[in-house]
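S.K.: I'll drop the sequence and a predicted model, then ask my questions.
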Amino acid sequence: MGRDVPAYSPDLILLLSTYSFPGNVRELENMVEYGLRKSKTGTLSIKPFRDRMQIKEHPAAIDIIDASGNRKIFVYQGDLETLLADIEREYIIKVLKEAKGNKSRASESLGMDIHKLKRRLKKFRME
C-alpha cells in the first residue's frame, strides 16, 4: 500500500488473532485497508475492526495454557459466568491430567474436598 507500518495496540492483535475470518486473507486485507482509511492519526484503532466484525463491545479475553499444554484464548462479550466456568473447567482438566486421573490427588491440588470436585465434574459433564 506504500505506507509505513502503522502503530497498533495489543488489543487489536488479540482481537484479530481470535476472529475466524470467514473471508480468509482477503477479508483481513480489506479490514486493514478500512482501518487505515478511518485512521486520522496513522495508528490502527480497534473500533473500525470491531465495527466490521460486528462486535458491539470490546471482548474480554483471557490467554491460558490448556490441559494439553497448548495456548488457548477465551474471548467473551459480557458473559462473565460463562467465561469463569470455561476457565474453571480447563483448569480442572489440567489438574486431573497432572494427577493422572486420580480424583483424590486432583482435589487436594485444587484445595477442595473430593465431593466438591465430583460435583464440578458432574456440572461440566466430565464424569
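M.R.: Arrived safely, thanks for sending. Quantities reported herein were computed from a predicted structural model and do not represent experimental measurements.
S.K.: For the strand or helix carrying Val25, buried residues please.
M.R.: Here Val25 sits within helix 24-38, counting by DSSP states H and E. Residues of helix 24-38 classed as buried: Met31, Val32, Gly35 (neighbour count, 16 or more other C-beta atoms under 10 Å). Every residue, glycine included, has its C-beta placed from N, CA and C.
S.K.: For burial, what's the neighbour tally of the nearest residue to the first one once chain neighbours are set aside?
M.R.: In other words, Met31. Distances taken as C-beta to C-beta, 6 or more residues apart in numbering put Arg52 closest to Met31, at 5.2 Å, once the chain neighbours are dropped. Arg52: 15 surrounding residues under other C-beta atoms under 10 Å.
S.K.: Distance of Arg52 relative to Ile13?
M.R.: Using C-beta to C-beta, to the nearest Å, we find Arg52 at a distance of 16 Å from Ile13.
S.K.: What are the boundaries of the helices in the protein?
M.R.: Under the criterion DSSP state H, the chain contains helices at 10-18, 24-38, 46-53, 80-98, 103-110, 114-123.
S.K.: do you know which of the ones you listed lies nearest Ile65?
M.R.: Comparison of the helices of the chain against Ile65 by C-beta to C-beta identifies helix 80-98 as nearest, at 7.8 Å.
S.K.: Buried residues in the closest one, which are they?
M.R.: Residues Leu83, Asp86, Arg89, Glu90, Ile92, Ile93, Lys94, Val95, Leu96 are the ones in helix 80-98 that count as buried (16+ other C-beta under 10 Å).
S.K.: hang on, the last one packs against Ser107?
M.R.: No - taking C-beta atoms under 8 Å as the definition, Leu96 is not a contact partner of Ser107, at 9.6 Å.
S.K.: Please name the spatially closest residue to Met53 (chain neighbours excluded).
M.R.: Sequence neighbours aside, Tyr19 is the residue nearest to Met53 in space, at 5.7 Å (criterion: C-beta to C-beta, 6+ apart).
S.K.: Measure how buried the one you found is and give me the count.
M.R.: By other C-beta under 10 Å, the residues close to Tyr19 number 18.
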